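Q: fold the stuff below for me.
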Amino acid sequence: MKRTVSALDARRRLGEVLEGVYYRGDEVVIERAGKPMAVVIPADRYEALELSRERLFDFIEEAHGRNNDVSEAELAAEIEQAIREVRAGSSGDR
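A: All right, here's what the predicted structure looks like:
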């Protein structure tokens with residue numbers, strides 16, 4: 001469940017926030033003066049996002065190295081496809 005709490009409320013109820021994140025998989029947006037300042041997510045979700053990010057950067061480096069003669073438009077299309085694939089794969093990681 002995604003929810004939003006104020007920074008003051010998050011500080012007062014940190015244990016409760018952490019339990020919701022850990023046990024229920026909550027995603028908690030922490031706001032100050034109505035402005036989102038941080039998001040608390042489950043550790044496994046964070047690890048999955050980091051892995052996806054690393055794979056994306058690896059793909060970009062690989063594509064750049066082997067496609068020096070490829071146009072920027074073609075490379076951009078490949079990158080967009082990789083992003084879609086990573087997002088599709090990480091959406092079921094909850």
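Q: who's in contact with D26?
A: Taking CB atoms under 8 Å, 6 or more residues apart in numbering, we find D26 in contact with 1-3, 17, 20. (C-beta placed from N, C-alpha, C; glycine too.)
Q: show me just the buried residues among those residues.
A: By neighbour count, with 16 or more other CB atoms under 10 Å, these hold 17, 20 as buried.
Q: mind putting the contacts of D26 in CSV, secondary structure, pLDDT and distance to D58 included?
A: CSV is the format used below for the contacts of D26 (DSSP: H, G, I helix; E, B strand; the rest coil; pLDDT from 0 to 100; distance: CB to CB, whole Å):
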residue, secondary structure, pLDDT, distance to D58
M1, coil, 88, 33
K2, strand, 93, 30
R3, strand, 95, 34
V17, helix, 96, 34
G20, helix, 96, 34
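Q: where does the protein have low pLDDT?
A: 66-68, 90-94 (pLDDT under 70).
Q: which helix or which strand is home to the residue most central in space within it?
A: By CA atoms, centre = their mean, the chain has its centre lying nearest to L49, at 4.6 Å. Using DSSP states H and E, L49 sits within helix 43-66.
Q: list the buried residues in that helix.
A: So, applying 16+ other CB under 10 Å, buried residues of helix 43-66: 48, 52, 56, 59.
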